[in-house]
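>>> Build me a model from this:
(one chain, ligands or ions: 2)
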Amino acid sequence: MAKRPVPISASPDETPMPASGLPFDDIRQLIAAMPGPDMAAANAVRARDKELTKPAGSLGRMEEIAEWLAAWQAKPIPRVDRPLVCVFAGNHGVVAQGVSAFPQAVTRQMLENFAAGGAAINQICAAFDIGFKVFDLALDLPTGDFTQGDALDERACVATMAFGMEALAGGADLLCLGEMGIGNTTSAAAIYAALYGGDAAIWCGRGTGVDDAGLKRKVAAVEAGLALHAAHLRDPLEVLRRFGGREIAAICGAIIAARSQRIPVILDGYVVTAAAAILHALEPSSIDHCLAGHLSAEGAHAQVLARLGKQPLLALDMRLGEGTGAALAASLVKAAAAIHSGMATFAQAGVAGKGAAEA
Ligand SMILES: O=C(O)c1ccc[n+]([C@@H]2O[C@H](COP(=O)([O-])O)[C@@H](O)[C@H]2O)c1
Ligand SMILES: Cc1cc2nc[nH]c2cc1C
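Ligands and ions are numbered 1, 2, ... in the order given. Below you'll find the model as predicted:
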């Protein structure tokens, strides 16, 4: 097996609060200031697509992907030369409720596996030449158990979002978001239940493969969390900080920063999509620069993606996380850019266009 060692960046346990204003209000301001799509670039892609040596529309969604890339990269000829997977890792107090099939120690052990090059995501990144970064979000400091109190206070939540923004400092032209965190499908389930309502059981799947008794405990934990925090769930940022976790907060920050830096985003599965759902609840257009990489096997993902108006690129019955679904989808997005930028036009290739058929 080819192993490529990967350095791990660790977040400080304490990050200074922004100097002015209420922290969550700073986040709301950042979202309000995000740039929109570059329509001139998108139109340039549509115009060039008509000239390429293929029947119009014959590349289906690959054509839409090229247009989407151009709009969010603000480039009339989109390119994917520096795709990047960022995996954010956090630990969750709610694992004390017996909600996962695996012990909390696996989060750090998997980070060591990422660093050594031995995880599935290492191999996908190597196969498609995608950069890979891993971020340890205070793993030794699990978030609060949301059945007993808040997962995060406002200061920690905003600091973690800011850390997620900073994660893009090295640059990229396509960002695949991933996560690692034993127990985080329970946080994601609680977030969806808080945002969308319905029985807790709808939003609870088996995650890493929890048994029937564990699934019952998971549903009970989400119900307990919803009951405890019921009076405070109107504001999506309150939902985020009360249910956590740090990786979901950091991913929210990364999605916001990517938009400002004109980096299109590919979402991974059930957990990464929870961060997108928080932003979507704050401002639906805030995730227009995000594609759903795949449909997770975690039951309710299809419902969530429908609410977000996202059609996943892949449906491979995967439920691993780590950004694996997003990274596989990145291969298609890279191909969409290569097709659009590299194909010859009818004129260049001397191929007769539609309408030139013999009578
Ligand atoms: O993203 C998904 O669709 C997904 C579905 C099921 C499990 N996971 C991964 O499994 C871990 C969480 O599962 P659990 O059962 O501990 O809540 C976490 O590390 C996720 O990356 C991820
Ligand atoms: C082994 C293992 C690998 C993972 N990768 C993402 N989540 C995971 C959960 C487990 C348990």
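>>> Quick check: residues of the chain near ligand 1?
Within the chain, the residues that sit near ligand 1 (CB under 6 Å from any ligand atom) are 100-102, 179-186, 207-208, 210, 268-271, 296, 298, 319, 321-322. Yep, even glycine has a C-beta here, placed from its N, CA and C like the rest.
>>> Give me the buried subset of these.
100, 102, 179-186, 207-208, 210, 268-271, 296, 298, 319, 321-322 (16 or more other CB atoms under 10 Å).
>>> List the ones among those residues that fall in strands.
Counted as lying in strands by DSSP state E, out of those, are 179-180.
>>> Keep the buried ones among the residues of the chain next to ligand 1, but drop any that are not near ligand 2.
Among these, ligand 2 is touched by 102, 180, 208, 321-322 when using CB under 6 Å from any ligand atom.
>>> Of those, which is the nearest to Ala115?
Met180 (11.8 Å; CB to CB).
>>> Check the gap between Ala74 and ligand 2 for me.
As judged by CB to the nearest ligand atom, to the nearest Å, Ala74 and ligand 2 stand 33 Å apart.
>>> which residue is nearest the middle of this protein?
Leu267 (3.2 Å; CA atoms, centre = their mean).
>>> Identify the bridge partners of that one.
Beta-bridge partners recorded for Leu267 (DSSP bridges): Ala292.
>>> Please report how far it lies from Lys75.
21 Å (CB to CB, to the nearest Å).
>>> Can you tell me which of the residues of the chain next to ligand 1 end up in helices?
184-186, 270-271 (DSSP state H).
>>> per-residue confidence for Pro18?
The confidence metric pLDDT takes the value 50 at Pro18.
>>> What of the one 5 residues further on?
You'll see Pro23 listed with a pLDDT of 89.
>>> That one touches Val158, doesn't it?
Yes - with contact defined as CB atoms under 8 Å, Pro23 counts as touching Val158 (3.7 Å).
>>> Which one of the two is surrounded by more residues?
Val158 (24 against 21; other CB atoms under 10 Å).
>>> residue contacts, the one residue in the stretch 101-250 of the chain that gets nearest to ligand 1?
Of the stretch 101-250 of the chain, the residue with the smallest distance to ligand 1, taken as CB to the nearest ligand atom, is Gly207 at 2.3 Å. Counting by CB atoms under 8 Å, 6 or more residues apart in numbering, Gly207 makes contact with 99-101, 185-186, 218, 298, 319.
>>> Columns distance to Leu84 on top of these, output as CSV?
Formatted as CSV, the contacts of Gly207 follow (distance: CB to CB, whole Å):
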residue, distance to Leu84
Val99, 31
Ser100, 28
Ala101, 30
Thr185, 24
Thr186, 28
Lys218, 32
Glu298, 24
Arg319, 23
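>>> Out of these, which is nearest to Phe88?
When these are compared against Phe88 (criterion: CB to CB), the nearest one is Thr185, at 15.0 Å.
>>> can you give me phi and psi for the nearest residue to that closest one once chain neighbours are set aside?
Nearest non-adjacent residue to Thr185, counting by CB to CB, 6 or more residues apart in numbering: Gly207, 3.7 Å away. Per-residue torsions, Gly207: phi 50, psi -120 (degrees, to the nearest 10).
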